[in-house]
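Undergrad: build me a model from this:
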Amino acid sequence: MKIVTCIKQTFDTEAKIVVGGDGQISDEGVNMILNPYDEYAVEEAIKTKEKDGGEVVVVTVGGDKAQEALRYSLAMGADRAVLINDPALEKADSHAVSVALAKLLSDKEAGYDVIFAGKEAVDDGAAQVPSRLAAKLDLALANVVVAVELADGKATVTREIDGGTEELEMALPALISAQKGLNEVRYPSLPGIMKAKRKPLDVVSLADLGLSAEDVASKVEMVSAELPPARKAGQKLTGEVDEVVAKLVELLKNEAKVI
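TA: Numbering: from 1, shown residues only. Below is the predicted model of the structure:
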């Protein structure tokens, strides 16, 4: 069985976000990690290989630094990794990423049985790549999945919906995006970390995939970002009840402008 897992390198969830004078988010000195939702996807892929045999391939789009997230996945137990690295993808949006991944998976990594991915990346929260990728590859898709069973060429999954869960059955190959709770993510062991250094990690460009910069032109451009304004200190009202109520109404009407 060939199992592909799509991952992304993101900011550490506890990192302090710094916005430069140009309105762009700086990654200087910021610890980068494997996207937490993608950890569940990698874990499920490894568990599937341990149960049914086969190969786990982790793939991502990013710069040289993204190799760290791929090596982490290899240390967890994946077999090999592929990085799509090209200057034209430096500010790639969900559309551009899905185009590049779809080309890789339909050509160089064809023959997969199942694709796992995290339900969303914690840096942008767009949650679009799994859906876009499944559409481009013409695959059945199950999002926010909390349980998976693969057998007899089919995937039976349980996914979260508003107010509960639902069970779906899909023919393989299919794309499954992982929600928190799908499994218990393992930590890379020391032997796993050492082995990861020797596992294959291929780097491909757009030209290697037969794509041009125009093919992956982003549909969305982030012009600038800014941190939310600091919260003002609260006010403590004192005095008689009638005075406090009158002052509160005045503040809500003239300052907060909510009434």
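Undergrad: how many other residues sit next to the residue nearest to Val122 when sequence neighbours are not counted?
TA: Distances taken as CB to CB, 6 or more residues apart in numbering place Thr10 nearest to Val122, at 5.4 Å, with adjacent residues excluded. Quick note: C-beta positions are derived from backbone N, CA and C, even for glycine. Residues lying near Thr10 (other CB atoms under 10 Å) number 20.
Undergrad: how about the strands in the stretch 101-250 of the chain?
TA: 114-118, 140-151, 154-161, 164-171, 174-178, 201-204 (DSSP state E, counting those that start in this stretch).
Undergrad: tabulate those (JSON lines), appending mean pLDDT and mean neighbour count.
TA: Shown next, in JSON lines, are these (pLDDT from 0 to 100; neighbours: other CB atoms under 10 Å):
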{"stretch": "strand 114-118", "mean pLDDT": "97", "mean neighbour count": "28"}
{"stretch": "strand 140-151", "mean pLDDT": "96", "mean neighbour count": "18"}
{"stretch": "strand 154-161", "mean pLDDT": "96", "mean neighbour count": "17"}
{"stretch": "strand 164-171", "mean pLDDT": "96", "mean neighbour count": "12"}
{"stretch": "strand 174-178", "mean pLDDT": "97", "mean neighbour count": "27"}
{"stretch": "strand 201-204", "mean pLDDT": "97", "mean neighbour count": "16"}
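Undergrad: any chance of those strands in JSON lines, with distance to Glu50 too?
TA: Formatted as JSON lines, the strands of the stretch 101-250 of the chain follow (distance: least, CB to CB, whole Å):
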{"stretch": "strand 114-118", "distance to Glu50": "14"}
{"stretch": "strand 140-151", "distance to Glu50": "12"}
{"stretch": "strand 154-161", "distance to Glu50": "17"}
{"stretch": "strand 164-171", "distance to Glu50": "22"}
{"stretch": "strand 174-178", "distance to Glu50": "17"}
{"stretch": "strand 201-204", "distance to Glu50": "22"}
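Undergrad: on that earlier part again, quick one, what contacts the residue nearest to Val122?
TA: Thr10 makes contacts with Met32, Ile33, Leu34, Asn35, Pro36, Ala121, Val122, Asp123, as judged by CB atoms under 8 Å, 6 or more residues apart in numbering.
Undergrad: list phi and psi for it.
TA: Backbone torsions of Thr10, given as degrees, to the nearest 10, read phi -130, psi 170.
Undergrad: likewise His95?
TA: phi -60, psi -50.
Undergrad: is it true that it touches Lys219?
TA: Yes - His95 lies in contact with Lys219 (CB atoms under 8 Å); the separation is 4.6 Å.
Undergrad: higher neighbour count, those two?
TA: Using other CB under 10 Å, the more surrounded residue of His95 and Lys219 is His95, with 17 against 8.
Undergrad: next, count neighbours for the residue lying closest to Arg80 once chain neighbours are set aside.
TA: Nearest residue to Arg80, sequence neighbours excluded (CB to CB, 6+ apart): Pro200, at 4.2 Å. The tally of other residues near Pro200 (other CB under 10 Å) stands at 10.
Undergrad: Pro200 and Ala81 touch, don't they?
TA: Yes - the pair Pro200 / Ala81 is scored as a contact, 7.1 Å apart, by CB under 8 Å.
Undergrad: what separates the longest helix that the chain contains from the chain centre, distance-wise?
TA: In the chain, with assignment by DSSP state H, the single longest helix is helix 36-52. Remark: helix 36-52 is offset 14 Å from the chain centroid, using CA atoms, centre = their mean, to the nearest Å.
Undergrad: what about that helix, average pLDDT?
TA: Model confidence over helix 36-52, given as mean pLDDT, is 97.
Undergrad: now the angle from that helix to strand 114-118?
TA: 150 degrees (axes from the mean of the first three to the mean of the last three CA atoms, to 10 degrees).
Undergrad: who's in contact with helix 36-52?
TA: By CB under 8 Å, 6+ apart, the residues outside helix 36-52 that reach it are 1, 3-8, 10, 13, 34, 54-56, 58, 73, 76-79, 114, 116-122, 148, 150, 176-186.
Undergrad: now it: buried residues?
TA: 36-49 (16 or more other CB atoms under 10 Å).
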